[in-house]
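S.K.: need a structure here:
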Amino acid sequence: MLVRLLCVLSISALLFACSSDQVKEETPVEVEDLSTTAPDESADESGVQAYGTDDGGTSSFSELDDPQSQLSVRIIYFEYDSSEIRAEYRSVVEAHARYLIENPSTTITLEGHADERGSREYNLALGERRAQSVKQQMTVLGASSSQIRLVSYGEERPAVDGHDEASWQQNRRVEILY
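M.R.: Model prediction:
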């Protein structure tokens, strides 16, 4: 009990010694009131200023990250044992091809994936066929082959762990990486 009391008193004394009554004086920060100034000439007609862009707010970064754009869709799903691009994803592939055409210095990687059914070798080949299918469609639309890299992971990197159809559907895919 005495040892415990001595420990508490020692810790209290240490904390008291470490505390300081000195208050540091901070230099005041000057704040400019912009509410009464005229709108900047780089602002749009609503008076909204676009920061971080040098092209009037239409930078490629914003276009890629716009959730309303088809470029925000970066996964193409496939049917079982198929490398054919489903009709619902053709416009997504077209949008990415257009983006590559408009941005010739941009490169992408297409990662091909498969579900767990089939041998390791077969699934690696299927993932490659799926990625090749997306690349072929993009090059037919005008994208340069040199802008597109392929890699297949087969069944090795599942998006969803599971042994049912719902999981397998999520794992049969090509991911588009910028």
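S.K.: Can you name the next helix or strand after the helix ranked longest in the chain?
M.R.: For the chain, the helix with the greatest residue count under DSSP state H is helix 120-140. As assigned by DSSP states H and E, the chain's next helix or strand after helix 120-140 is strand 148-154.
S.K.: Check which helices and strands that following strand sits against.
M.R.: Counting contacts by 3 or more C-beta pairs under 8 Å, 6 or more residues apart in numbering; DSSP states H and E, strand 148-154 packs against strand 108-113, helix 120-140. Yep, even glycine has a C-beta here, placed from its N, CA and C like the rest.
S.K.: Indicate which one of those is closest to F78.
M.R.: helix 120-140 (5.6 Å; C-beta to C-beta).
S.K.: mind listing what's buried in that closest one?
M.R.: 123-135, 137-139 (16 or more other C-beta atoms under 10 Å).
S.K.: ok, residues contacting it?
M.R.: Contact partners of helix 120-140, identified using C-beta atoms under 8 Å, 6 or more residues apart in numbering, comprise 76, 78, 81, 83-85, 90, 93, 96-97, 100, 110-116, 118, 145, 148, 150-156, 172-174, 176.
S.K.: For stretch 69-79, give the mean pLDDT please.
M.R.: When pLDDT is averaged over stretch 69-79, the result is 97.
S.K.: what residues does that stretch touch?
M.R.: With C-beta under 8 Å, 6+ apart, stretch 69-79 has contacts from 63-66, 84-86, 89, 91-93, 95-96, 99, 130, 134, 169-170, 172-177.
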